[in-house]
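J.: Okay, sequence plus prediction incoming.
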There are 2 protein chains.
Amino acid sequence: MNEPSRALSLAGVREAHARIAPHIKRTPVLTSSALDAEFGTRLFFKCENLQRAGVFKVRGAFNAVLSLSDEEAAHGVVTSSSGNHAAAISLAARTRGIPAYIAMPKVAPRSKVAAVRRYGGNIIWVQARGTVPTSEEYDSTVAETHARTQASVVHPYNDVRTILGQGTCALEFLEDCPGIDTLLAPVGGGGLLSGTALAAKGLKPSIRLIGCEPAMADDAQQSYRAGKIVPQLDPRTIADGLRTSLGDLTFPLIRQQADDIVTVSEESIASAMRLVWEVMKIIIEPSGAVPLAAVMERRIAVQGRRVGIILSGGNVDLDRLPWQSAAP
Amino acid sequence: MNEPSRALSLAGVREAHARIAPHIKRTPVLTSSALDAEFGTRLFFKCENLQRAGVFKVRGAFNAVLSLSDEEAAHGVVTSSSGNHAAAISLAARTRGIPAYIAMPKVAPRSKVAAVRRYGGNIIWVQARGTVPTSEEYDSTVAETHARTQASVVHPYNDVRTILGQGTCALEFLEDCPGIDTLLAPVGGGGLLSGTALAAKGLKPSIRLIGCEPAMADDAQQSYRAGKIVPQLDPRTIADGLRTSLGDLTFPLIRQQADDIVTVSEESIASAMRLVWEVMKIIIEPSGAVPLAAVMERRIAVQGRRVGIILSGGNVDLDRLPWQSAAP
């Protein structure tokens, strides 16, 4: 099913966009003169928090679900996810009228479990030895479900269809803001960053593309530097969307095409998240705040540049905000 | 300065829009299929929370400040406000390079005081007998400041320039979404609603225009029904932008052109606010949630309609949210 040499290209991203466009939002790009003044640059925010289901992952999910033949689709889809991909696949499957089976960890945020249920997904709890399931524990739950239902497996990031779908975000972004010279995206499993690389470097080879991740889950930076996949063993970041490791499809794309991977502290993630809420009046989740945290920490030269930032999602539990313990 | 018979027209709104367009954002209109399904209608949200300074009031403020002659402008501007107009006037004055004097109540939300300071406004605290200053107490502080500085007075709502500026929001809204048949706006002093009436009824006489206000500050509904201004005496609503009374310019426009005024409970305001945060991933303040609260309370027939809602602003204190006491 995965044929990377053929499909992983800008043309593949364009095909994906044509396929999913009727089902997703063309999200707005917002700017803030206050933040521009603060950082001495021009920032452009692609608001995937305002995407359907509150996250860019609907792009890859719709692309995968709509790519199935009718015969494949009849059995449904199965995937594993800590949350956002789970909701996205549930929504895409419901739209096509097929069942979705979602392997989720018991530690998934309440808001993300609720989103899967709202979209009619069938949750299958992953049995894990530790608090957070390992990749192997996720995979075995998915494999068992596939054996039982014949549902098509859609990997949350290491899947050609997923990667191409995620790339449609950067495609729209550069169509709307062709002047961007630096592009920042968060990196967890690498689906968004590798799809972004295909679209952005394909459209504008001179663009500087930088992946941003929590220092507490820095497997992408380690992998990028080592030249081989270094798995994430014990991620403890509040950026719950970025706890996964790179895959064998996403890693080579990122290694070849990203210009750097930078890491940020947990404190910066919470500060950047709050800054966006206060100044821009939009809700972003911790994972979505990671690129701006990198700008705040001055990990990336942005002075005088035109910097695109992908705000990847906005799904948070409003009763458990990072700054709530500090409230009066 | 106020020449209502000449200026209060759709043409006046168009002139204001040409004047302020370089300084404001053309805010996006967002939709939500989840909310549409919930309420059996099509909702279109004009996101003035994403406006500069997080509120529609920059429209009226820029229009007023940019309407001054150079000689008038040299002395600066003075106004009174519980918060949002204060920040808006400060921003507009700073943009023109003139001083802003802002009469504010000591009970103004911290976030709104901080916004005025950020934009360089000079705060003058209003001496009040009660917790919230009366209109007379505001007016005397403004009059004293005007006498001292010769600064031009810009009323937060009862001012032709302010009303025409606020009308530019509906102008953009109906340009972008001409199919809207019902338009909901919050009403406090009536600047937004009366400006909206000029623009919306001017562009589309068949449109149904409904003002929405807290039951705890229902002076607009009382005034509308009585046919004369009934002042707001003791407003205790969480919708801090809607505690003011109608003025002698805003009331007649609203009486003549609005099709109804409906009221909502405090509980509904908090619920609607949280619903928008959770589903739409944008931050709105309580005042901005009042029209959706009216839809939730079924105060307005919306089934099968195309309903435009003005989300008026997004300035909240993130450490004091209406639902925080209920958090675990």
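T.: In hand now; what should we look at? On a predicted model such as this, the values are computed, not experimentally measured, just so you know.

J.: which residues sit in contact with A:Met212?
T.: Rather than Met, residue A:212 is Cys. For A:Cys212, the set of contacting residues under the criterion of Cβ atoms under 8 Å, 6 or more residues apart in numbering or on different chains consists of A:184-187, A:261-264, A:290-291, A:293-294, A:299. Backbone N, C-alpha and C define where each C-beta goes, glycine included.

J.: Could you give the separation of the helix or strand encompassing it from the chain centroid?
T.: Using DSSP states H and E, A:Cys212 sits within strand A:208-214. Relative to its chain's centre, strand A:208-214 lies at 12 Å (Cα atoms, centre = their mean, to the nearest Å).

J.: helix or strand right after it?
T.: Scanning forward in sequence from strand A:208-214 by DSSP H and E, the next helix or strand is helix A:219-226.

J.: Which elements pack onto that next one?
T.: Counting contacts by 3 or more Cβ pairs under 8 Å, 6 or more residues apart in numbering or on different chains; DSSP states H and E, helix A:219-226 is packed against strand A:208-214, helix A:250-257, strand A:260-264.

J.: for that helix, what is the average pLDDT?
T.: For helix A:219-226, the mean pLDDT works out to 97.

J.: Can I get that helix as CSV, trimmed to CA atoms?
T.: As requested, the backbone C-alpha atoms of helix A:219-226 are provided in CSV (Å, rounded to 0.1, in the frame of the first residue of the first chain):
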residue,chain,number,x,y,z
ASP,A,219,14.0,11.9,19.3
ALA,A,220,13.6,13.8,16.0
GLN,A,221,16.6,16.0,16.8
GLN,A,222,18.6,13.0,17.9
SER,A,223,17.6,11.0,14.8
TYR,A,224,18.4,13.9,12.5
ARG,A,225,21.8,14.3,14.0
ALA,A,226,22.6,10.6,14.2
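
J.: Distance from it to the middle of the chain?
T.: Once both centres are worked out by Cα atoms, centre = their mean, helix A:219-226 turns out to sit 18 Å from its chain's centre.

J.: B:Leu164 is nearest to which of the helices and strands packed on helix A:219-226?
T.: Nearest to B:Leu164 among those is strand A:208-214 (44.3 Å), distances taken as Cβ to Cβ.

J.: between that closest one and helix A:250-257, how many degrees?
T.: Taking axes from the mean of the first three to the mean of the last three Cα atoms, to 10 degrees, strand A:208-214 and helix A:250-257 form an angle of 140 degrees between their directions.

J.: Show me where the stretch 51-200 of chain A dips below the pLDDT cut-off.
T.: Nowhere does the stretch 51-200 of chain A drop to pLDDT under 70.

J.: from it, which residue is nearest to chain B?
T.: Distances between the stretch 51-200 of chain A and chain B by Cβ to the nearest Cβ are smallest at A:Gly54, namely 5.2 Å.

J.: and for the helix or strand harbouring A:Ala143, what are the contacting residues?
T.: Counting by DSSP H and E, the element that carries A:Ala143 is helix A:135-149. Residues from elsewhere that reach helix A:135-149, judged by Cβ under 8 Å, 6+ apart: A:75-76, A:78-80, A:99, A:101, A:103, A:105, A:124, A:126-129, A:133, A:151-153, A:231, A:244-245.

J.: and it, which residues are buried?
T.: In terms of neighbour count (16 or more other Cβ atoms under 10 Å in any protein chain shown), helix A:135-149 has its buried residues at A:137-142, A:145-146.

J.: Work out the gap between that helix and the centre of the chain.
T.: Its chain's C-alpha centre lies 22 Å from the corresponding centre of helix A:135-149 when counted by Cα atoms, centre = their mean.

J.: what about the next helix or strand after that helix, distance to the chain center?
T.: Taking DSSP H and E as the definition, the helix or strand that follows helix A:135-149 towards the C-terminus is strand A:152-153. Between the centre of strand A:152-153 and the centre of its chain there are 19 Å (Cα atoms, centre = their mean).

J.: Same check on stretch A:247-267?
T.: 12 Å.

J.: Show me what counts as buried in that stretch.
T.: For stretch A:247-267, the buried set under the neighbour-count rule, 16+ other Cβ under 10 Å, comprises A:247, A:249-255, A:257-258, A:261-264, A:266.

J.: Flag every residue of chain A that's near chain B.
T.: Residues of chain A that fall close to chain B, judged by Cβ under 8 Å from any Cβ of the partner chain: A:28, A:30, A:33-34, A:49-50, A:52, A:54, A:111, A:118, A:274, A:277-278, A:280-284, A:314-315, A:318-321, A:323-324, A:326-328.

J.: Take the residues you listed and keep only those in strands.
T.: Using DSSP state E, A:Leu30 are the members of these that sit in strands.

J.: one step back: looking at the contacts of helix A:135-149, which are in strands?
T.: A:78-80, A:101, A:103, A:124, A:152-153.

J.: Identify the farthest-apart pair in the residues you listed.
T.: The most widely separated members of those are A:Ile124 and A:Ser152, with 15.4 Å between them, by Cβ to Cβ.

J.: Would you mind telling me which of the two has the busier surroundings?
T.: More neighbours sit around A:Ser152 than around the other of A:Ile124 and A:Ser152, counting by other Cβ atoms under 10 Å in any protein chain shown; the figures are 22 against 17.

J.: so that one makes contact with A:Ser69?
T.: No: counting by Cβ atoms under 8 Å, A:Ser152 does not reach A:Ser69; the two are 9.4 Å apart.

J.: State the number of residues packed around A:Arg298.
T.: The local packing count at A:Arg298 equals 10, with neighbours defined by other Cβ under 10 Å.

J.: Ramachandran angles for it?
T.: The phi and psi values for A:Arg298, taken as degrees, to the nearest 10, are phi 60, psi 40.

J.: And the pLDDT at it?
T.: Confidence per residue is given as pLDDT, and for A:Arg298 that number is 96.

J.: re earlier: and the residues of chain A next to chain B, which of them are buried?
T.: Among the residues of chain A next to chain B, those scoring as buried are A:28, A:30, A:34, A:49-50, A:52, A:54, A:111, A:274, A:277-278, A:280-284, A:314-315, A:321 (criterion: 16+ other Cβ under 10 Å).

J.: mind listing what the nearest residue to A:Gly227 once chain neighbours are set aside touches?
T.: Distances taken as Cβ to Cβ, 6 or more residues apart in numbering or on different chains place A:Arg255 nearest to A:Gly227, at 6.8 Å, with adjacent residues excluded. By Cβ under 8 Å, 6+ apart, the residues touching A:Arg255 are A:223-224, A:227.

J.: Same question for A:Pro109.
T.: By Cβ under 8 Å, 6+ apart, the residues touching A:Pro109 are A:83, A:240, A:315-317.

J.: of all those residues, which comes closest to chain B?
T.: Proximity to chain B was ranked across those by Cβ to the nearest Cβ; first place goes to A:Asn315, at 7.8 Å.
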